[in-house]
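# Predicted model follows, preceded by the sequence.
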Amino acid sequence: MSMMKREVAWRIFADELNNSTLETRGEDERAPTYIVSPLGAKVNRVYAVGVLTEVDNRGTPEEPLWQGRVSDPTGTFFISAGRYQPEAATSLSNIDPPKFVAVVGKTSTYRPDDETVLISIRAELVKEVNDEQRDLWILEAAKSLKTRLEAMAEASRMEDVSVQELIDLGYDPTLADGIKAASEHYQTYPLDRYWSIMKDALRYVLPEYEEPTVMDTADEGLDEELMERVLEVVQELEEETEEVGVSYEQVRDIVVEREDITMTEFEELVSKLRLHGKLMEPALGQIQSAY
Amino acid sequence: MNEKELAPHIEDINRALKEKVSSEQIEEELQKFRDEYRISLGDAKRAIVKKFGGDPQDLFLNPEKKINEIRGDERSLDIKARIIAIQDKEIELDGQPKTIFYGIFGDDTGTIPFTLWESKSVDIEKGDTVHVKNAYANTWNDQPQVNIGSMAGIGILDDDEVPPFERDPQVCDIKDIREGMRNLMVTGRILTMEKKVVQTDSGEKDLFSGVLADESGKIQFSAWHDFQLEPEQVIKLVGGYVRSWRGIPQLNFDENSEVEIIDDQELPSADTLQDSSTMTISHLARRGGAVDAIVDAVVIDIKTGSGLIFRCPECNRVVQKGACRIHGKVDGEADLRVKGILDDGTGALTMIMTRELTENILGYDLDKAKELARDRMDQDVIKDELEELLIAQPLRVRGNVTSDEYGLMLVASDVKFKKIDVEEEARKLLDEVSV
Ligand SMILES: [Zn+2]
C-alpha cells in the first residue's frame, strides 16, 4: 500500500540535483526509482521555480517533444514534456522565454557512458509565476538544503552511518535512508561546497544583491578566450569521430582538465556559446558546433 | 526451546507434509534453521514445509508471539493478550452492511491494534484475556496490527495467563501520540468538550469527548468517566490508551486512569493553542492523521473533478457526462470544490476544499461560476482559474487529516494565502549559519 502514496516534490537546487550519480529502486518491482543526491536527497519528484531561458521543440510538429532550460541561482534544470505530459507540453509551448516558471516533474536519467549521469525533469506541470514566488522557492530550497547539510554533518561524525541514529536525532526516515546511501556511494562529504552554495542562494534574494560581474570587460575577455577553447575541443572531437554532435561530458572533462576551471564555469561557457549561436544541443547530453 | 516444546511443532510440520518426511529429518532441519541460522521458529517451519514441497498454509500450530515481536507480515499468528479496548463498527462490504469489531490488545510487552472481521463467535469484552489462533498481521501507517479473520479462533483464558503490563507511564508530547500507545503521561489544555450518551455492551454510558492541546499539537479525547472536566482546564493524565479512526489518533481514558486538574500558567490559552501547532506532512504521515491540523504548503496540482462539478441528487456522487455511476442519467446539482495536491517538501497529501472555501478563493459564488461556464460553454474554465489562483502559492491550510491506502487526505476547514517575508527570513537564516 505504501507504493500508492504520492512521492514528495523535493525543493532542491539544480547544482545538487545535477551532481547526483546514484540511482536506487525499492525492492518491489513497481517501486519507483530515486536519484540520491550527494547530500542524501532521495528524489523521485522535483518542485523547482526559476527562469525559463529556452524552449525548443525537439520532436516533430505532429509529435512534439518540448525541452526547456530553467535556471536557478546555482545552475540549470533540464526539463522536457512530450505526449505523455500533454498539459505541461501545452504550457511549455505557450511560454515565451525568459519567464519565471514553476515546474513539477519526475526525474529521469540518461547515461551516455559508464561514468556520466545526465538528469532531466519530465514535467507534469509548468506554470508561469512571478519573482516573489521564485524568491520564496529559493528560501524553501535553502531550508531544505540546510537540513540535509546538518544531517550529513552528523553522519560524517559517525563511524558507521546509522539510519536509526539519524532518526533518533530527529531526521526524517526517508532522509536518513538517503544520507546513508549517499555516504556509501559518494564516499565524501561535500559540506563546505554546499554551505557556500546555500549562502550564495540566500544572498540572491536580498535587495542589495548584485549580479556577479559578467559584464566586466576583463572577465569577458577571459571568457572569450575560454569560449574559443571550448569550441576548439568540440571541433577536435567532431573531426576525430567524424560525427556531428559530441558528448557534452567528454568535452566538459577535457576543458575542465586543460583550462583548470570548475564544472559550473564550464556550464556557463556553454550557455554563452549557445546564446551566441556558436553551439547547439541536438539532444540531451550532446553538443555540436554551429556550422 | 526444549525438545518437549518443539515436539508439537515437529508434528505440525509432519502433518503439513503429509508424513512424507521422517520426524528425525524434520528435527534435524529445524535444528539447522534455528541454531545455525537463527531463524525464528515460525519462519523455520514455513521454510521447511516449502523445502519439502508442502504448503505452509497447512501449518496449524504457530509459535506464540509476544506483542512487541509482531512485525506486521505474519501470515499466521497466535497470541495471548488482554483486551484493552473493543468497539463495534458498521461497514459496507460488497454492498452488504456488516458489523466488525476493533480495539487494542495488550500483553506484558506492549499493545497492538486489532480488527475482528467476523461477528464475535465468543462473547468477549474489554478486560478479557484471550488466546487468538491463526490470526494474521499487516501494517497500517507502518504500524503492525492483528487481523482476526474467518480462519482464526478465539478462546477465553484465565486472567493470570497474561502478565500485566508494568511500566512507568511514558511522558509524551501530543504531536507524538500514536495508535496503540498506552499508559501515557500527557499534559494539555482542554479546547472543547461535550457530553454524549452512548450505547455500549454494558448499557448506556456517559462519554465526555473533546479536543486536548499542548504547544506541539491537538488530539481528540474520550473520557469514559466523569472527571468534572471543562474547557480551558489544564489536565495531567496518567494512563489511558490510544486508538485511531482512519488514521486520526484518539486518546481514551477511564476510571483506571488518573486525571489531575492543574494550575498551569505557562501553557498558552485555548485560543492561542487552537491556532498554533503546524505540522509537517511527513509528520502527519507517520502519525497517520490528526484532528484540526495546520499545514503550511504549496498546491502543486489541481485534479480533475475540481472547479464546477455536478452531483447526483440521489447519492451526491459526482456526475460524469450527465450520468451517475449508480443512478444513470440524472439532472445533476451544481457544486464547487477543489481536489488538489498539497506538498510541503516533506510529503504530499490530497486536499479537499468544499464549496464555501472554493467560493472564497474564486471571489464569486456558485451562480456566477455557472454563468461563466455557460458564457464560455466550458465547464473547465473554473478549474483553470483555480489553477491560476492556487498553484505555486504558499498556503496555510487547516482541517482534519485522515489516511487510507491512497495516502493522506485533508478536508480543509480554512485556507489562507500565507504572507512570507522572504527577505527577512533569508537574513535570519544567513545570520544563523554565518557564525
Ligand atoms: Zn447517484
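Good, I have the coordinates.
# Every contact and neighbour count from this point should use C-alpha atoms.
Will do.
# what lines up beside the longest strand seen in chain B in the sheet?
What stands out as the longest strand in chain B, according to DSSP state E, is strand B:182-200. Here strand B:182-200 is paired, per DSSP bridges, with strand B:170-171 (parallel), strand B:203-214 (antiparallel), strand B:234-245 (antiparallel).
# mind listing what A:Asp223 touches?
Each residue near A:Asp223 by Cα atoms under 8 Å, 6 or more residues apart in numbering or on different chains is listed here: A:Leu269.
# and it, that's in a strand?
No - A:Asp223 sits outside any strand when classified using DSSP: H, G, I helix; E, B strand; the rest coil, being helix.
# Let me know the distance separating it from the ion.
Distance of A:Asp223 to the ion, computed by Cα to the ion, to the nearest Å: 68 Å.
# Counting neighbours, what do you get for A:Ala153?
Look at A:Ala153: counted by other Cα atoms under 10 Å in any protein chain shown, it has 15 neighbours.
# roughly how far is the longest strand of chain B from the heart of the chain?
Relative to its chain's centre, strand B:182-200 lies at 18 Å (Cα atoms, centre = their mean, to the nearest Å).
# for stretch A:234-252, same thing?
On Cα atoms, centre = their mean, the centre of stretch A:234-252 falls 22 Å from the chain's centre.
# Now do the contacts for whichever residue of the stretch 51-200 of chain A sits closest to chain B.
With Cα to the nearest Cα, the shortest gap between the stretch 51-200 of chain A and chain B falls at A:Leu136, namely 6.0 Å. Residues near A:Leu136 by Cα under 8 Å, 6+ apart: B:420, B:422.
# can we see that at 10 Å?
With contact taken as Cα atoms under 10 Å, 6 or more residues apart in numbering or on different chains, A:Leu136 is in contact with A:49, A:142, A:205, B:392-394, B:420-423, B:425-426.
# so which helix or strand takes in A:Glu184?
Taking DSSP states H and E as the criterion, A:Glu184 maps to helix A:173-186.
# Now that helix: buried residues?
A:173, A:175-183, A:186 (16 or more other Cα atoms under 10 Å in any protein chain shown).
# Which strands or helices does that helix pack on?
strand A:22-25, strand A:33-36, strand A:42-43, helix A:131-156, helix A:163-168, helix B:281-287 (3 or more Cα pairs under 10 Å, 6 or more residues apart in numbering or on different chains; DSSP states H and E).
# and B:Lys50, that's in a helix?
Yes - when three-state DSSP is applied, B:Lys50 is found to be in a helix.
# List the contacts of the nearest residue to it once chain neighbours are set aside.
Excluding its sequence neighbours, the residue lying closest to B:Lys50 (Cα to Cα, 6 or more residues apart in numbering or on different chains) is B:Pro56, at 6.4 Å. By Cα under 10 Å, 6+ apart, B:Pro56 lies in contact with B:13, B:16-17, B:43, B:45-50, B:75-76.
# Grab the two from these that are most spread out in space.
B:Leu17 and B:Arg75 (18.3 Å; Cα to Cα).
# Looking at those two, which is more packed in?
Applying other Cα under 10 Å to B:Leu17 and B:Arg75 shows that B:Leu17 carries more neighbours, namely 21 against 14.
# Quickly note the distance from the nearest residue to that one once chain neighbours are set aside to the ion.
Counting by Cα to Cα, 6+ apart, B:Gly54 is the residue found nearest to B:Leu17 once chain neighbours are left out, at 5.3 Å. Per Cα to the ion, B:Gly54 is found 49 Å from the ion.
# Which secondary structure element is home to B:Gly54?
Using DSSP H and E, B:Gly54 is not contained in any helix or strand.
# B:Lys18 is in contact with that one, correct?
Yes - contact criterion Cα atoms under 10 Å: B:Gly54 and B:Lys18 qualify, at 8.3 Å.
# neighbour-wise, which of those two wins?
Neighbours were counted for B:Gly54 and for B:Lys18 using other Cα under 10 Å; B:Gly54 has more, 20 against 11.
# Could you pull up the residues touching that one?
B:13-18, B:20, B:46-48.
# Check A:Ala89 too.
A:57, A:64-67, A:80-83, A:123-126.
# What's the local residue count around B:Glu27?
Neighbour count for B:Glu27, taken as other Cα under 10 Å: 18.
# out of everything not next to it in sequence, what's closest to it?
Closest residue in space to B:Glu27, ignoring its immediate chain neighbours: B:Ile10 at 6.6 Å, by Cα to Cα, 6+ apart.
# Helix or strand for that neighbour, just tell me which one.
In this assignment (DSSP H and E), B:Ile10 forms part of helix B:3-16.
# Relative to chain B, which residue of chain A is the closest?
A:Val8 (4.6 Å).
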